[in-house]
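>>> next one to model:
(one chain, ligands or ions: 1)
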Amino acid sequence: MNPPPDFSSSLVPGAGNLPKQVLVAPDGARAEIYLHGAQVTSWIPASGSERFFLSRLSQFTTDATIRGGIPVVFPQFGLTGPLPLHGLVRLMPWELSDAKNSTDTASATFRLRDTDDSRRHWPHAFLAELAVVVGGNQLAVTLAITNTSAEPFAFTSGLHTYFSIADLATTTVAGLTGLRYCDAAAGWVDHQETAAHIEFTGEVNRIYFDAPAEVRLVEPHRTTLIRAAGFADTVVWNPAAAKCATFSDLEPDDYRRFVCVEAAAIAKPIQLAPGERWQGSQTLLA
Ligand SMILES: O=P(O)(O)OC[C@H]1O[C@@H](O)[C@H](O)[C@@H](O)[C@@H]1O
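I've put the predicted structure just below:
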């Protein structure tokens, strides 16, 4: 049977006139991805409502990062090296290389290569590809990096997903019990997680090492499954009130509206030989 015609996925002007790809699966599931940073900014499962936080104060300009959705972090997570916070590619213009519908999904792939400017910061040639597939109650995002240079390189990376939540006070993250984590909000000290459910009673900024393939974002009315492959670590982040107030692109009480659960490769940088390709993914189930 032939897949249905690709009648509804399209590249349209988004906020700030930045181009965004709108994916609409045959069952009505939707996702939106800006070419700026290849940043997914919206996911609406077939049977539900918006699952991503996107700040009302987010800037949509080529020199700013979009606040919300899934910022793509590469080739440096956070400030773990000399590059700008979370690396380079979330500020770069990606191109749409493919978009199609199958009988039950809509998908698109975005590509980015190194530029003169990226090589000034990070002197390596690379091809980054981000594949986004939406359909039913699932969104799958896969980042692939190919070393297109003549020398090996190493990088850290992540998919910095901002989940929209109804109430921070009743939201928890489950599935990380027993893991060693680095508490970046409290002096980068290592701990072992004892809680079955991580609660948000203050700033949470933790890197969980060697995390399981699945963690759960638990709210009273719904649970979101977050599956990672290829990324060894999981970051959980919420800035709480005081830090939230320092972000010009967040409203003072926005910290109550999102929790970031991020698939990341931080502790063990990914090493790629010339010509080698790596991929990591985060798959979300509503
Ligand atoms: O403001 P940015 O660059 O988008 O980063 C957001 C946050 O991302 C988190 O992953 C970091 O641990 C925080 O320290 C940081 O503030």
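>>> distance between the ends of stretch 249-260?
Stretch 249-260 has an end-to-end distance of 16 Å (Cα to Cα, to the nearest Å).
>>> list the buried ones in it?
250, 254, 255, 256, 257, 258, 259, 260 (16 or more other Cβ atoms under 10 Å). To be clear about C-beta, it is placed using only N, CA and C from the backbone, and glycine gets the same treatment.
>>> now swap in stretch 208-228 and tell me
Those would be 208, 211, 215, 216, 217, 218, 219, 224, 226, 227, 228, for stretch 208-228 by 16+ other Cβ under 10 Å.
>>> CA atoms only: put that stretch into PDB for me.
The C-alpha trace of stretch 208-228 is given here as PDB (Å, rounded to 0.1, in the frame of the first residue of the first chain):
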ATOM      1  CA  TYR A 208      22.900  11.300  36.400                       C
ATOM      2  CA  PHE A 209      25.600   9.000  35.100                       C
ATOM      3  CA  ASP A 210      25.000   5.800  33.300                       C
ATOM      4  CA  ALA A 211      21.300   6.300  33.400                       C
ATOM      5  CA  PRO A 212      18.800   3.600  32.400                       C
ATOM      6  CA  ALA A 213      17.200   3.600  29.000                       C
ATOM      7  CA  GLU A 214      13.900   4.800  30.300                       C
ATOM      8  CA  VAL A 215      12.900   7.500  32.900                       C
ATOM      9  CA  ARG A 216       9.400   8.800  33.600                       C
ATOM     10  CA  LEU A 217       8.100  12.300  34.000                       C
ATOM     11  CA  VAL A 218       5.200  11.700  36.400                       C
ATOM     12  CA  GLU A 219       2.300  14.100  36.900                       C
ATOM     13  CA  PRO A 220      -1.000  13.300  38.700                       C
ATOM     14  CA  HIS A 221      -2.900  13.200  35.400                       C
ATOM     15  CA  ARG A 222      -0.400  11.700  33.100                       C
ATOM     16  CA  THR A 223       3.100  10.100  32.800                       C
ATOM     17  CA  THR A 224       5.500  10.700  29.900                       C
ATOM     18  CA  LEU A 225       8.000   8.000  29.100                       C
ATOM     19  CA  ILE A 226      11.400   9.300  28.100                       C
ATOM     20  CA  ARG A 227      13.600   6.700  26.400                       C
ATOM     21  CA  ALA A 228      17.200   7.400  25.500                       C
END
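>>> near the ligand, which residues of the stretch 151-286 of the chain show up?
Residues of the stretch 151-286 of the chain lying near the ligand by Cβ under 6 Å from any ligand atom: 160, 184, 205, 235, 237.
>>> which strand residues bridge the fourth one?
Beta-bridge pairing for residue 235 (DSSP bridges): residue 207, residue 262.
>>> now do the contacts for the residue in the stretch 1-150 of the chain that the ligand sits nearest to.
Here the stretch 1-150 of the chain gets closest to the ligand at one residue, residue 85, 4.2 Å apart by Cβ to the nearest ligand atom. With contact set as Cβ atoms under 8 Å, 6 or more residues apart in numbering, residue 85 has these partners: 78, 79.
>>> hmm, back to that, can you list the buried residues of stretch 208-228 in JSON lines and add pLDDT and secondary structure?
Listed next are the buried residues of stretch 208-228 as JSON lines, based on pLDDT from 0 to 100; DSSP: H, G, I helix; E, B strand; the rest coil:
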{"residue": "208", "pLDDT": "98", "secondary structure": "strand"}
{"residue": "211", "pLDDT": "98", "secondary structure": "coil"}
{"residue": "215", "pLDDT": "98", "secondary structure": "strand"}
{"residue": "216", "pLDDT": "98", "secondary structure": "strand"}
{"residue": "217", "pLDDT": "98", "secondary structure": "strand"}
{"residue": "218", "pLDDT": "98", "secondary structure": "strand"}
{"residue": "219", "pLDDT": "98", "secondary structure": "strand"}
{"residue": "224", "pLDDT": "98", "secondary structure": "strand"}
{"residue": "226", "pLDDT": "98", "secondary structure": "strand"}
{"residue": "227", "pLDDT": "98", "secondary structure": "strand"}
{"residue": "228", "pLDDT": "98", "secondary structure": "strand"}
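>>> point out where the chain drops to low pLDDT.
1-8 (pLDDT under 70).
>>> let me see the ranges of the helices in it.
Ranges of helices in the chain, per DSSP state H, are 116-121, 240-244.
>>> winner for burial among those helices?
Mean neighbour count (mean count of other Cβ atoms under 10 Å) peaks for helix 240-244 among those, with a mean of 15.
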